[in-house]
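*Asks:* This is a predicted model, with the sequence first.
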Amino acid sequence: MRPRLPQAARRTTVLRREAVGAALPVALASLLATAGPATAGPIGASGLGDPYFPLAGNGGYATRHYDLTIGYDPRTRHLDGTTVVTARATQRLTRFDLDLRGLKVTGVAVDRAKAAFRRQGQELIVTPRRALAKGQAFSVRVAYSGTPAPIVDSDGSPDGWVPTDDGAFVAGQPQGSMTWFPCDNHPLDKASYDFTVTVPKGLTAVANGVLRDQRTSGGRTTFRWRQSEPMASYLATASIGKFQVRRYTTADGLWVYDAVDPREAKAAAPVLNKLPSVLAWESKVFGPYPFRAAGSIVDRAPKVDYALETQTRPVYDSAPDLSTLVHESAHQWFGDSVALTTWKDIWLNEGFATYAEWLYDEQHGGKSAQATFDALYKSPKDDDVWDFPPGDPTDGESLFDDPVYDRGAMTLHELRKAVGDAVFFRILRTWTAQHRQGHGATAQFIDLSERLSGKNLKSLFHVWLYAAGKPKKA
Ligand code: ARG
Ligand code: ZN
């Protein structure tokens, strides 16, 4: 049986025209207002009701902008931070939460007035001096410091602020962003970001978007970055290290900033040089690139063992191969611009980015997508790839397992065979256009596929996304 989508996902049909720039769309505000468990009275809920991460995000407000100021010294691993979140109350609020793990909070102010706060697990509970009215815009300023420690995910990989020998590898999927700044930690709530990061002279701090300014004085360098298009908190980075930096503008006018650990530089160069052509190819296949900036952060972070599609500028734990670059680049459309409404729909990110790798091979003299599909389909019944259906990874522990990536991509290949190439690629481009800088849910993707193809595709999606065990050949 096809599981019912959680409330948050079902409600996203109201999301038609999504945010442009940092403006908070009214529809999203109403979505955030109704998502999550009901609360008693004017208290913001402690989570947005995501079935996999019930405490992720918070109820009662929608963020508009984050202004992060961070100082970090890799030698002591000490972080000093001030985060100012600008938000709008979606209900009357006498109290609301932010998500933050570890660190010491030294002060909280709401609209510049000192506010009471306490900590409870990952919730930073804020009581403003005066209640916030429904619809009221407000700012909350949190000063904090300490030694950030990453969350260890179920696959054993660290997630969040991960110290390296010369700085930090910073990525936050699915939960790690709250290890380095207080946030509304769910992709439903996107905002624009400013970053001001100060590090010892000689190191470079790289965040999302565009570098606005870089200044050295008194042995420290401050980097100011701006991510103007809306971004989910897990896609924020402020990675630090001894980096070789290269800046250029592509023929298409994209602002590119690459930061590479010198020990990885030789291996990374030939792959990073392909970024403009990969983005140009993906723009042809998926529709216009959604951001004004691009680039790569290539770190040496042996304990991490993954890359992340941090918005505009993926972060790699070591020099990536071309497939990985194609994958993280495809996420800029699938995952970053079109964000999840619920973590359960993770195949909308990983299945699509994996299928982008197959398509890239196919169109660049490599294996056909059919051949890649066939090779996977040969896997015996007890292979990991058939462990669970990708539309229902059951909990937050299996988000990055093989079925989500491989069987997710196989689902798209089956769709392509069922509707033909012309309709299939129109579906992809319509999807990225309609949900650009916004959100998408699986049910909406199925609807769109049926609408553009004129076919009933329910059983195809049921078999590939939701039915247990290895699907029979159609
Ligand atoms: N989204 C990343 C990718 O497929 C994988 C992130 C894995 N994260 C983790 N905490 N294990 O490119
Ligand atoms: Zn991925």
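*Replies:* Thanks, I have the structure now. Ligands and ions are numbered 1, 2, ... in the order given.

*Asks:* can you tell me the helix or strand for Ala267?
*Replies:* Secondary structure assignment for Ala267, by DSSP states H and E: helix 265-272.

*Asks:* Need the contact partners of that helix.
*Replies:* The contact list for helix 265-272 (Cβ atoms under 8 Å, 6 or more residues apart in numbering) reads 244, 246, 258, 260, 296, 298, 316, 318-322, 325. Bear in mind the C-beta positions are built from the backbone N, C-alpha and C, glycine included.

*Asks:* Derive a PyMOL selection command for the buried subset of those.
*Replies:* The buried subset of these, as determined by 16 or more other Cβ atoms under 10 Å, is captured in PyMOL by this line:
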select buried, resi 246+258+260+296+298+316+318+319+320+322+325
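
*Asks:* would you list the contacts of helix 265-272 in a markdown table and tack on secondary structure, distance to ligand 1 and pLDDT?
*Replies:* Shown next, in a markdown table, are the contacts of helix 265-272 (DSSP: H, G, I helix; E, B strand; the rest coil; distance: Cβ to the nearest ligand atom, whole Å; pLDDT from 0 to 100):
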| residue | secondary structure | distance to ligand 1 | pLDDT |
| --- | --- | --- | --- |
| Gln244 | strand | 23 | 98 |
| Arg246 | strand | 22 | 98 |
| Asp258 | strand | 18 | 99 |
| Val260 | strand | 18 | 99 |
| Ser296 | strand | 13 | 99 |
| Val298 | strand | 14 | 99 |
| Tyr316 | strand | 10 | 98 |
| Ser318 | coil | 14 | 98 |
| Ala319 | coil | 15 | 98 |
| Pro320 | coil | 10 | 98 |
| Asp321 | coil | 13 | 98 |
| Leu322 | helix | 14 | 98 |
| Leu325 | helix | 11 | 98 |
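
*Asks:* Can you add distance to ligand 2 and give the contacts of helix 265-272 back as CSV?
*Replies:* Converted to CSV, the contacts of helix 265-272 look like this (distance: Cβ to the ion, whole Å):
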residue, distance to ligand 2
Gln244, 25
Arg246, 24
Asp258, 20
Val260, 21
Ser296, 15
Val298, 17
Tyr316, 12
Ser318, 16
Ala319, 17
Pro320, 12
Asp321, 14
Leu322, 15
Leu325, 12
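
*Asks:* Looking at the contacts of helix 265-272, which is nearest Asp50?
*Replies:* Taking Cβ to Cβ as the measure, Asp50 lies nearest Tyr316 of the contacts of helix 265-272, at 27.4 Å.

*Asks:* Next up, the contacts around the closest one.
*Replies:* 268, 296-299, 307, 324, 328.

*Asks:* which one of those sits closest to ligand 2?
*Replies:* Checking those against ligand 2 by Cβ to the ion gives Glu328 as the nearest, at 6.8 Å.

*Asks:* Show me what the helix or strand hosting the closest one is packed up against.
*Replies:* Using DSSP H and E, Glu328 falls within helix 322-330. Helix 322-330 is packed against helix 265-272, helix 275-286, helix 347-363, with contacts defined by 3 or more Cβ pairs under 8 Å, 6 or more residues apart in numbering; DSSP states H and E.

*Asks:* Which one of these lies nearest to Ser217?
*Replies:* Of these, nearest to Ser217 by Cβ to Cβ is helix 265-272, at 28.1 Å.

*Asks:* got the CA positions of the closest one in CSV?
*Replies:* Provided in CSV are the C-alpha atoms of helix 265-272 (Å, rounded to 0.1, in the frame of the first residue of the first chain):
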residue,chain,number,x,y,z
ALA,A,265,45.0,20.0,-5.7
LYS,A,266,46.7,17.8,-8.3
ALA,A,267,43.9,15.2,-8.2
ALA,A,268,41.2,17.7,-8.0
ALA,A,269,42.2,20.1,-10.8
PRO,A,270,41.1,18.1,-13.9
VAL,A,271,37.7,17.4,-12.3
LEU,A,272,37.1,21.0,-11.0
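
*Asks:* That one to helix 322-330, inter-axis angle?
*Replies:* Counting by axes from the mean of the first three to the mean of the last three Cα atoms, to 10 degrees, helix 265-272 points 60 degrees away from the direction of helix 322-330.

*Asks:* please renumber so the chain begins at 20
*Replies:* Shifting the count to begin at 20 puts that one at helix 284-291.

*Asks:* List the buried residues of helix 284-291.
*Replies:* 284, 287, 290-291.

*Asks:* could you check the angle helix 294-305 makes with that helix?
*Replies:* Using the same axes, to 10 degrees: helix 284-291 against helix 294-305 is 30 degrees.
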